[in-house]
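J.: 3D, please:
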Amino acid sequence: MAMGTAGGGGGGGRSGRRGRRGKRGAMAEINVTPLVDVMLVLLIIFMVTAPLLSAGVPVDLPDSRAKALPQEQRQVTIAMTADGKTYLDAAEIAPGELADRLAGIAPGGDGKPPLVTLRADKALPYGDVMAVMGELNRAGFNSISLVTNGSVQAP
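T.: The predicted model follows:
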């Protein structure tokens, strides 16, 4: 009986040592390379799609050779389509409703009103565009950016 226990213990010891030798300790490093790769891909995707999200209403803009203006944080976009509809930040508004909606836009923390960009279809009559600009001026928005299609090359 003593021999059986000693032999069993010795055999168990060898298999126990073999088991310990085969196991590895806990890894103390974290591989962040896949995380960085994914984050860079997401960054590129958002950088490409962010400028495309600013235009919500399809408008056929007139051509111009003017330089692009820098984007500002607070911005109000008014779009006028060829069929005479007017949109305030992608929400359609009734013809007489523009002045009331503009009055509800609060100035920023610095007391300045937000930047207003006007996207008017090139097929619209000049008088219609000027009527909207007059409403903007009356509401206190004196700085208006007119958006054009900047793809015209110099002759």
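J.: rest of the way, CA atoms for contacts and neighbours
T.: Noted.
J.: I'd like the distance between L136 and A82.
T.: Note on L136: its distance to A82, by C-alpha to C-alpha, to the nearest Å, is 20 Å.
J.: So the two - more neighbours on which side?
T.: Comparing L136 with A82 by neighbour count (other C-alpha atoms under 10 Å), the higher total belongs to L136, at 21 against 15.
J.: list the contacts for that one?
T.: 99, 102, 142 (C-alpha atoms under 8 Å, 6 or more residues apart in numbering).
J.: from those residues, which would you call buried?
T.: Taking 16 or more other C-alpha atoms under 10 Å as the criterion, what is buried in the contacts of L136 is 99, 102.
J.: and of the contacts of L136, the nearest to L115?
T.: Nearest to L115 among the contacts of L136: N142, at 9.3 Å, using C-alpha to C-alpha.
J.: Which of the three states applies to that closest one?
T.: Secondary structure assignment for N142 (DSSP: H, G, I helix; E, B strand; the rest coil): coil.
J.: Mind pulling up the pLDDT for it?
T.: Per-residue pLDDT puts N142 at 79.
J.: Please tell me how far the residue nearest to it when sequence neighbours are not counted sits from P113.
T.: Nearest in space to N142, with sequence neighbours left out and distances taken as C-alpha to C-alpha, 6 or more residues apart in numbering, is L136 at 7.2 Å. To P113, L136 is 11 Å away according to C-alpha to C-alpha.
J.: and if you look at M130?
T.: Distance from M130 to P113, by C-alpha to C-alpha: 20 Å.
J.: who has more neighbours, these two?
T.: P113 (18 against 11).
J.: is it true that the more buried one touches F141?
T.: Yes. Proximity of P113 to F141 meets the contact threshold set by C-alpha atoms under 8 Å, at 6.6 Å.
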